[in-house]
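In: only geometry, no sequence info:
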């Protein structure tokens, strides 16, 4: 009850500048938590379906069937768009290899360019919203500090005409002004923690996407089907067998 009375009293005695700062902090908090919720759901969905989608892709009997399976299994659409871009590039190069401005480009280079362009687009999609979280984490404390400074200034102006300053009259307005600093930290800390967590998760996702692009490039150029998780050949055992 005391907290509610204090906040209401703070809002009642504040001017339009302090109220504007408080409204900005509330809007930034709501927007940052929305971005955090959306990014967390996307990251959870990617971890849940990417491994299953890749296993289904490499287990399909043909490229067309693999793409259809990937479309149904990959809810994020990132892996499916990469496979479609690579398949379209391979088909386009096969149809126009002898004519046009790309006649001198090898199929490997043509597919590499297409996959690289698609990875850039996927990276932009994955990293969307991180700039906003970084901006909120770096600016919200200073916005709250501005509200604190303005609140203290407003309190001192109100006490300027008093002949006798009582501690209770100063401590109340100053303490209420410091609430703005706490509000800025309350907005900034979750944004910074979420930005760091999402940045690390995005690095892992992009690393897996890059590995998948290399396997897909090898499959489209050579026909060799690489399947994530396949057991590697034991070279020492193979050499010992050959020497025997």
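Out: Received it, and whenever you're ready, just let me know what you need. All of these numbers come straight from a predicted model, not from anything done at the bench. Numbering: from 1, shown residues only.
In: pLDDT weak spots in this structure?
Out: Confidence mapping of the chain against pLDDT under 70 gives the ranges 1-14, 96-105, 158-173, 223-244.
In: swap in 80 and give it another go.
Out: Judged by pLDDT under 80, the chain has its weakly predicted residues at 1-18, 48-52, 54-57, 59-62, 70, 72-77, 93-107, 151-177, 222-244.
In: which stretches in it count as helices?
Out: 2-13, 16-59, 63-73, 78-95, 107-126, 130-158, 167-222, 235-243 (DSSP state H).
In: give the contact list for the residue nearest to residue 141 when sequence neighbours are not counted.
Out: Spatial nearest neighbour of residue 141, excluding adjacent residues (Cβ to Cβ, 6 or more residues apart in numbering): residue 184 at 4.5 Å. C-beta coordinates here come from the backbone N, C-alpha and C atoms, glycine included. By Cβ atoms under 8 Å, 6 or more residues apart in numbering, the contact set of residue 184 is 25, 140-145, 147.
In: go on, residue 36?
Out: Counted by Cβ under 8 Å, 6+ apart, residue 36 has contacts 133, 190-191, 194.
In: again, but for residue 129
Out: Counting by Cβ under 8 Å, 6+ apart, residue 129 touches 35, 38-39.
In: and it, how far from residue 123?
Out: As judged by Cβ to Cβ, to the nearest Å, residue 129 and residue 123 stand 13 Å apart.
In: same question for residue 207.
Out: Counting by Cβ to Cβ - residue 207 and residue 123 are separated by 11 Å.
In: more neighbours, these two?
Out: residue 123 (16 against 10; other Cβ atoms under 10 Å).
In: TSV for the contacts of residue 184, including neighbour count?
Out: TSV is the format used below for the contacts of residue 184 (neighbours: other Cβ atoms under 10 Å):
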residue	neighbour count
25	21
140	25
141	18
142	11
143	21
144	25
145	15
147	26
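In: ok, so of these, who is nearest residue 61?
Out: Nearest to residue 61 among the contacts of residue 184: residue 140, at 53.7 Å, using Cβ to Cβ.
In: correct me if wrong: the closest one contacts residue 31.
Out: No: taking Cβ atoms under 8 Å as the definition, residue 140 is not a contact partner of residue 31, at 11.0 Å.
In: ok, how many other residues are close to residue 177?
Out: Neighbours of residue 177 (other Cβ under 10 Å): 21.
In: and the gap between it and residue 146?
Out: 11 Å.
In: and what of residue 187?
Out: Distance from residue 187 to residue 146, by Cβ to Cβ: 13 Å.
In: comparing those two, which residue is more hemmed in?
Out: residue 187 (26 against 17).
In: residues touching that one, list them.
Out: By Cβ under 8 Å, 6+ apart, the neighbours of residue 187 are 25, 28-29, 32, 136, 140, 144.
In: which one is it nearest to, not counting chain neighbours?
Out: Nearest in space to residue 187, with sequence neighbours left out and distances taken as Cβ to Cβ, 6+ apart, is residue 140 at 4.0 Å.
In: residue 208 contacts residue 50, doesn't it?
Out: Yes: if you go by Cβ under 8 Å, residue 208 and residue 50 touch, sitting 6.8 Å apart.
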